[in-house]
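In: Return a 3D structure for these sequence lines:
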Amino acid sequence: MSFAFLNPWLWLGVAAVAAPIWLHLQRKKERNLVRFAAVQFLDHQPKARGRPLRVRNVLLLLLRALAVFLVVGAFSWPYLRRNDRRFATRNRVYVLDNSLSRQANDGFNRDKQRIVHDLSAAGPDTRIAVLNLAGTPQLVVGFSDDRQVAMEKVRELKASFGRGSYLDGIQQANALLAEVGGGAKQIVFLGDSQANQWQESLTTAPFLRQVQVELPKSPIAQLPNLWLCEPRAQRIFLGETSRVNFTMRLGHLGPARSAKVTLRANGRKVYERNVYLEGQPQTMSLQAQCEADPTAWLLAQAEVDGSPDSLPGDNHLYFAVPPVVEGRVALLARSPYLRLGLAPDVMRGQWRVRLLDPSSLEAELSAEPESDVLCLESAYLQGPEGRSILKRYLEAGRGVLLLVNRLSPVIDVSLRELGFECEGVFEPGTAKPEHFQFVSSNHSIFHPFESPDFGNLMEVTVSRYARLRATAGHPLILSESGSGLFFESTKYPGKLYIMAFGLDREETSWPVHQTFIPFLDLALQAARPQDFTLGAFQPGEMGIIQLGGEPPVGAVVLRDKGVELGRVPVNRARASLPMPDKPGIYGITLDDRGEIYRFISVNPSPRESELVYLQSPRVPAEWSVGERDRTDPSGATEAGRVGFSSILKQHIWWWMVLLGLLALALETTWTLAKENSFE
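Out: This next block holds a predicted model:
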């Protein structure tokens, strides 16, 4: 504890104590002097040449000096500096990077030890807070927490597999510092300075004001690593056989020459391959297939093994493939190939087709859409019933697959309402048809065709198609001349896919190509309303669980091998469920029912596996508003550390003011009483 003053220069006013001393030392005139005429001719007694230098009333002098001392002291704004959060001269926030990449070379544990050491070594004039950056910044230690308790909280932190934003962590730390009073402000960022993290925050406006930012200095530019990412799994039917096609990407960074990739489905090894990495790109695509019961869940796990590998936490990848649920298709088309492709013998267990009668479309309008997907040809948009059915499906969130086999002014208007401008018909002819030139392989419809088992889409030809320009969508297939042949719309709640040609032999060779049936199944699956995205969840993120037509459900429960991990309420058939912090396969149950409603797979972000670092990131300097204070935090002025409102809360200031007023009151009373005694 120490004593200090906000305005110490006001103590010059103590010189005013000389005033009462001067009053006591000067000679005073006689009071109540009465002059008589009889003695006016007597000789006048001469005054003494020197004034007597003695104090007549010591107590009154001390009382007056005390009053002056207390008043001057009060105006100098005194305060006591204690080991208290209100009067700290340093405010420091540690941002602990607890993302997956920080597990490399045990960096997370080293950062924890640094914080524990600083907490134990910090003086009473330093207050410290700690943010745990795992997914979203979480406050672990507050400014007012006891030091021993704070150190235990930091020691208990576990390594995370999520991905936290550097920008979010520093912004949250800045918000904490903005809430405190005076004192120097500092952010200590403990992380690995991943290059891709800083690149995500290049366009952020400045927000740091008079805040120092201490960044780690990475001694190396990168670390070697092997990882698996981007899991995809899709069921397909080849004849009577049901298969699951697995796709993943293998990444490598560093001197590793080879890696072994293993895939197990339902505990059974279905794939093992030694991949040679020399001369290969940083990431490469791998595919595997296995037969699977279409009526049961398929749970799979892939693993990569190789050396050197600095981050084992990203060596596993998880898949959760649901059983086949038969979809419903409403078909309004005359193409014999399309009808044959959706026949029960071909799509058994996959799709159940309901043929719409063109002569009774009014009955279809009077009922709610029953099917998951509407498949129709543009010729039926000539009538108002066909256009109304199309809009009802899209507005209800159902899928639509539209084949443009005919154009007319009415159909052109309908296509324009869907977000597509028609620029006529192009007919290269059957003598010189156009092939597919570009196919969006990243899309769920065409991604499985990277495997040769599905056939080569580039062999498909088109002899007649409509020239369409998307104003509310984008093409997924382009022809050799650059024209769009297959589009995805983004205008309606339901998914809309438009094919610029019909499925007849005079328009395309696709119906007789081996890729036709798999494409038709995948396109309908993509257009189908999705309640779930498999493999899209990351550790710690918020996942939206959309329930189907189940009975009323009160809560969704997350479980791991029967152990309840979390429970959230259901609102309008939706539940916002926080994902687990650790990758793996987890089950979801409804309320307290024992059976698993569905499985989910949680996989880390592939960006966390890129162990490339920046030696001196410049982004934090660009986040500062104006010129930053680069002085030592202890050099802050007293006025910046303590405000007047803080001083008013201390008892010492009030006591000095009250005692000063009391001394002045006693001095006045004493003086008046003394004057009355002379009367």
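In: can you pull out the strands in the stretch 451-600 of the chain?
Out: 461-462, 465-470, 473-479, 484-489, 496-499, 542-546, 555-560, 563-569, 574-578, 584-590, 598-602 (DSSP state E, counting those that start in this stretch).
In: which strands and helices sit next to the fifth one?
Out: If contacts are counted by 3 or more CB pairs under 8 Å, 6 or more residues apart in numbering; DSSP states H and E, strand 496-499 sits against strand 399-403, helix 409-418, strand 484-489, helix 516-527. From N, CA and C alone the C-beta is placed, and that goes for glycine too.
In: Now tabulate the ones you listed in JSON lines and tack on mean neighbour count, mean pLDDT and distance to Glu364.
Out: Formatted as JSON lines, these follow (neighbours: other CB atoms under 10 Å; pLDDT from 0 to 100; distance: least, CB to CB, whole Å):
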{"stretch": "strand 399-403", "mean neighbour count": "23", "mean pLDDT": "94", "distance to Glu364": "14"}
{"stretch": "helix 409-418", "mean neighbour count": "16", "mean pLDDT": "93", "distance to Glu364": "17"}
{"stretch": "strand 484-489", "mean neighbour count": "22", "mean pLDDT": "94", "distance to Glu364": "22"}
{"stretch": "helix 516-527", "mean neighbour count": "22", "mean pLDDT": "90", "distance to Glu364": "18"}
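In: got a list of what the most centrally placed residue in the chain touches?
Out: Nearest to the mean C-alpha position of the chain, counting by CA atoms, centre = their mean, stands Thr136 at 5.6 Å. Shown in contact with Thr136 (CB atoms under 8 Å, 6 or more residues apart in numbering): 164, 168, 540.
In: check contacts around Val404.
Out: Val404 touches 377-378, 411, 415, 465-466, 468, 498-502, counting by CB under 8 Å, 6+ apart.
In: filter those to the buried ones?
Out: For the contacts of Val404, a burial check counting by 16 or more other CB atoms under 10 Å picks out 377-378, 411, 415, 465-466, 468, 498-502.
In: now the residues you listed in a markdown table, with distance to Leu365?
Out: Listed next are the buried ones among the contacts of Val404 as a markdown table, based on distance: CB to CB, whole Å:
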| residue | distance to Leu365 |
| --- | --- |
| Glu377 | 18 |
| Ser378 | 19 |
| Ile411 | 19 |
| Leu415 | 21 |
| Tyr465 | 30 |
| Ala466 | 26 |
| Leu468 | 27 |
| Ile498 | 22 |
| Met499 | 24 |
| Ala500 | 27 |
| Phe501 | 28 |
| Gly502 | 24 |
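In: Among those residues, which one sits closest to Phe108?
Out: When the buried ones among the contacts of Val404 are compared for distance to Phe108 (CB to CB), Ile498 wins out at 49.6 Å.
In: sec struct for Gly107, please.
Out: What DSSP: H, G, I helix; E, B strand; the rest coil gives for Gly107 is helix.
In: what kind of secondary structure is the residue nearest to it when sequence neighbours are not counted in?
Out: Distances taken as CB to CB, 6 or more residues apart in numbering place Asp192 nearest to Gly107, at 5.8 Å, with adjacent residues excluded. Following three-state DSSP, we place Asp192 in the coil state.
In: which residues of the stretch 151-300 of the chain score low on pLDDT?
Out: Low-confidence segments of the stretch 151-300 of the chain (pLDDT under 70): 238-240.
In: Out of the buried ones among the contacts of Val404, which is nearest to Lys158?
Out: Nearest to Lys158 among those, counting by CB to CB, is Ile498 at 49.5 Å.
In: Verify the contact between the closest one and Phe487 for me.
Out: Yes: with contact defined as CB atoms under 8 Å, Ile498 counts as touching Phe487 (4.5 Å).
In: where do the contact lists of the two overlap?
Out: The contact lists of Ile498 and Phe487 share 420, 468, 473, where a contact means CB under 8 Å, 6+ apart.
In: Nearest to Thr668 among those?
Out: When the shared contacts of Ile498 and Phe487 are compared against Thr668 (criterion: CB to CB), the nearest one is Gly473, at 90.3 Å.
In: Report how many residues lie close to Ala256.
Out: Residues near Ala256, counting by other CB atoms under 10 Å, number 17.
In: correction: Ala536
Out: Quick note: Ala536 (other CB under 10 Å) scores 13 neighbours.
In: Give me the pLDDT value at it.
Out: Looking at Ala536, its pLDDT is 71.
In: when you give positions from now on, start the count at 56
Out: Renumbered: residue one is now 56, and that last one reads Ala591.
In: Tell me which other helices or strands the longest helix anywhere in the chain touches.
Out: Longest helix in the chain, counting residues (DSSP state H): helix 706-733. Contacting helix 706-733 under the criterion 3+ CB pairs under 8 Å, 6+ apart are the following elements: helix 113-130, strand 133-136.
In: avg pLDDT for the first one?
Out: Confidence over helix 113-130 (mean pLDDT, whole number) is 71.
In: Mind listing what's buried along stretch 291-304?
Out: For stretch 291-304, by 16+ other CB under 10 Å, it's 291-292, 297-304.
In: now swap in stretch 636-652 and tell me
Out: Buried, per 16+ other CB under 10 Å, within stretch 636-652: 636-645, 652.
In: what's the span of that stretch, first residue to last?
Out: Start and end residues of stretch 636-652 are separated by 21 Å (CA to CA, to the nearest Å).
In: contacting residues around that stretch?
Out: Here stretch 636-652 makes contact (CB under 8 Å, 6+ apart) with 189-190, 213, 215-217, 352, 354, 356, 371, 373, 375, 594-595, 600, 602, 605, 608-615, 620, 632, 635, 653-659.
In: for stretch 490-502, same thing?
Out: For stretch 490-502, using CB under 8 Å, 6+ apart, the contacting residues are 287, 289, 302, 504-505, 512-517, 531-535, 537, 540, 543, 552, 574, 577-578, 580-581.
In: Let's see stretch 193-206 as CSV, backbone CA atoms only.
Out: Extracted in CSV, the C-alpha atoms of stretch 193-206 (Å, rounded to 0.1, in the frame of the first residue of the first chain):
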residue,chain,number,x,y,z
GLN,A,193,-14.0,-17.7,-24.1
LEU,A,194,-13.1,-15.8,-20.9
VAL,A,195,-11.1,-18.1,-18.6
VAL,A,196,-9.6,-15.7,-16.1
GLY,A,197,-11.1,-12.3,-15.3
PHE,A,198,-9.3,-9.2,-14.0
SER,A,199,-10.7,-9.7,-10.5
ASP,A,200,-9.9,-13.4,-10.1
ASP,A,201,-7.6,-14.5,-7.4
ARG,A,202,-4.2,-15.4,-8.7
GLN,A,203,-4.1,-18.9,-7.4
VAL,A,204,-7.5,-19.7,-8.7
ALA,A,205,-6.5,-18.1,-12.1
MET,A,206,-3.5,-20.3,-12.4
